[in-house]
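# Could you look at this predicted model? Sequence included:
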Amino acid sequence: MAKRSFSKGIIKDIIIVGIGVLVIWIGLQIAFGTQNPFYVVASGSMIPVLEQYDVLIVQGHESFEDIEIGDIIVFNRPSDHDRVIVHRVASILEDDPKTIRTKGDANPGSIPGTDFPITEEEYIGKVVYTLPQVGYVTQLLKPPVNYVIIAIVIGVMIVKQVSKKKDEKELPFSDSLNSENKDSSEELSGIDKIEKDSEYSEHVKKSDILDDDQVKSTDDSKTDDEHLEKDKKK
């Protein structure tokens, strides 16, 4: 029973963490209007504005029709959609349908099949925030480090469950000790009461003895007085 309860506790914690991560991720997707609102810069084509390992926050709610020259956008490479690119809009090639050309700030020119032609089909979103160098964290999460982190998280959950079970076991023991201490206190109180009663009884007995002695001495003195009076009469 204990092992089953222990396993249920770990599974419950993992489910709670998983649901929490899922809710946060779905919330971010809704807020930023894209399936992935975070991207890590993988090359130096946008130096010095964007450095390698900078994390980009992309706003998908920004309409492609509102994109202007100078905006930094994230898009799929138009030739085969096998890569995600982040470059600056260099020019508007056509208005209907809108087609744009981009260019990396550090590149000498635009690359056909990579920088143009970009249509709404390739467009992912506009870069609205940059988190410098935060992308180094993603390098730490690559195998085998990510497995180590997962093992540590599970280990923490196990330790938490063990501590919880230990506290639950110690609680009844402490309650029994408190109960025993309470009973001992009551016994001591009872003994103290008995001792006080004994002292009172002894005091009462002594008082009775003293009173009897006083009465006896009074009777004796009366008898002596009567004898004296009889002698005088004689």
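Cool, the structure landed.

# Helices along the protein, start to end?
Taking DSSP state H, the helices of the chain run over residues 2-32, 136-140, 145-233.

# Which one of those helices has the poorest average confidence?
Lowest mean pLDDT within these: helix 145-233, at a mean of 58.

# Using the record, which stretches count as separate domains in the chain?
If you go by automatic domain parsing, the domain ranges for the chain are 33-140, 151-234.

# for the chain, which strand is longest?
Counting residues, the longest strand in the chain under DSSP state E turns out to be strand 84-95.

# pLDDT of that one, averaged?
95.

# Repeat that for stretch 63-75.
95.

# Pull out the buried positions in that stretch.
64, 67, 72-75 (16 or more other C-beta atoms under 10 Å). Using the backbone N, CA and C atoms, a C-beta is placed for each residue, glycine as well.

# ok, back up a step: so what secondary structure elements neighbour the longest strand of the chain?
Counting contacts by 3 or more C-beta pairs under 8 Å, 6 or more residues apart in numbering; DSSP states H and E, strand 84-95 packs against strand 72-76, strand 98-103.

# That strand pairs with which strands?
Counting by DSSP bridges, the strands paired with strand 84-95 are strand 72-76 (antiparallel), strand 98-103 (antiparallel).

# Adding distance to Q52, write the ones you listed out as TSV.
Compiled in TSV, those are given as follows (distance: least, C-beta to C-beta, whole Å):
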stretch	distance to Q52
strand 72-76	15
strand 98-103	18
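
# Among the ones you listed, which comes closest to I26?
strand 72-76 (20.1 Å; C-beta to C-beta).

# what's in contact with the closest one?
39, 46, 49-50, 56, 58, 67, 83-89, 102, 118, 122-127 (C-beta atoms under 8 Å, 6 or more residues apart in numbering).

# cool, and stretch 11-27?
153-154, 157, 160-161.

# Could I get the buried residue list for that stretch?
Applying 16+ other C-beta under 10 Å to stretch 11-27 flags D13 as buried.

# With stretch 35-42 instead?
37-41.

# Can you give the contact residues for that stretch?
28-29, 31, 50-60, 74, 84, 86, 125, 135, 138.

# Just give the closest residue to I100, not the sequence neighbours.
I118 (4.8 Å; C-beta to C-beta, 6 or more residues apart in numbering).

# that older thread, list only those of the contacts of stretch 11-27 flagged as buried.
Judged by 16+ other C-beta under 10 Å, buried ones among those: 157, 161.

# Using CSV, write out the CA atom coordinates for stretch 49-64.
Taking C-alpha atoms only, stretch 49-64 is exported to CSV below (Å, rounded to 0.1, in the frame of the first residue of the first chain):
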residue,chain,number,x,y,z
VAL,A,49,21.7,44.1,-34.0
LEU,A,50,21.2,40.5,-33.2
GLU,A,51,24.0,38.3,-31.8
GLN,A,52,24.2,34.5,-32.0
TYR,A,53,22.2,32.9,-29.1
ASP,A,54,19.9,35.9,-28.7
VAL,A,55,16.3,34.8,-28.0
LEU,A,56,13.7,36.5,-30.2
ILE,A,57,10.1,37.0,-29.2
VAL,A,58,8.0,37.0,-32.3
GLN,A,59,4.5,38.6,-32.6
GLY,A,60,2.4,36.6,-35.1
HIS,A,61,-0.6,39.0,-34.7
GLU,A,62,1.4,41.6,-36.6
SER,A,63,-0.3,41.4,-40.1
PHE,A,64,2.0,40.7,-43.1
